[in-house]
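Enquirer: sequence below, structure please.
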Amino acid sequence: MAQHEAATPEPARARAVFSTEDFQLLRTAVMHYLKEIEDQPESTKYSNLYHRLGRLC
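Expert: Numbers count the residues shown, from 1 in each chain. I've put the predicted structure just below:
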């Protein structure tokens, strides 16, 4: 006797939140902010973010 399994639909693929153009805009904004806080300890985190955003474009 074969088991009858209910077919479960696969979840829909998630849509991208940001476009490629958005990453360039975010990178520009981060660079501007980075210049404002360049002497503060948290500037390293923003510098790393800037470079990661550059790899996505």
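
Enquirer: pLDDT weak spots in the protein?
Expert: Filtered on pLDDT under 70, the chain yields the residue ranges 1-6.

Enquirer: for it, which helix is longest?
Expert: In the chain, with assignment by DSSP state H, the single longest helix is helix 20-36.

Enquirer: so how far is it off the chain centroid?
Expert: Put simply, helix 20-36 sits 13 Å off its chain's centre (C-alpha atoms, centre = their mean, to the nearest Å).

Enquirer: packing partners for that helix?
Expert: helix 43-56 (3 or more C-beta pairs under 8 Å, 6 or more residues apart in numbering; DSSP states H and E). (Glycine included, C-beta is placed from N, CA and C.)

Enquirer: quick one: the helix it packs on to chain centroid distance?
Expert: Taking mean C-alpha positions (C-alpha atoms, centre = their mean), helix 43-56 and its chain are 11 Å apart.

Enquirer: could you list the buried residues of it?
Expert: For helix 43-56, burial by neighbour count (16 or more other C-beta atoms under 10 Å) applies to Tyr46, Tyr50, Leu53.

Enquirer: using a markdown table, lay out these together with distance to Pro11.
Expert: Shown next, in a markdown table, are the buried residues of helix 43-56 (distance: C-beta to C-beta, whole Å):
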| residue | distance to Pro11 |
| --- | --- |
| Tyr46 | 35 |
| Tyr50 | 34 |
| Leu53 | 28 |
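
Enquirer: Ala7: which of those residues is nearest?
Expert: Leu53 (41.0 Å; C-beta to C-beta).

Enquirer: what separation do you get for the closest one and Tyr46?
Expert: The spacing between Leu53 and Tyr46, counted by C-beta to C-beta, to the nearest Å, is 10 Å.

Enquirer: between the two, which contacts overlap?
Expert: Applying C-beta atoms under 8 Å, 6 or more residues apart in numbering, one finds that Leu53 and Tyr46 are jointly contacted by Val30.

Enquirer: tell me who's in contact with Glu42.
Expert: With contact set as C-beta under 8 Å, 6+ apart, Glu42 has no partners.

Enquirer: skipping adjacent residues, who's closest to Met31 in space?
Expert: Tyr50 (5.8 Å; C-beta to C-beta, 6 or more residues apart in numbering).

Enquirer: alright, I will stop here.
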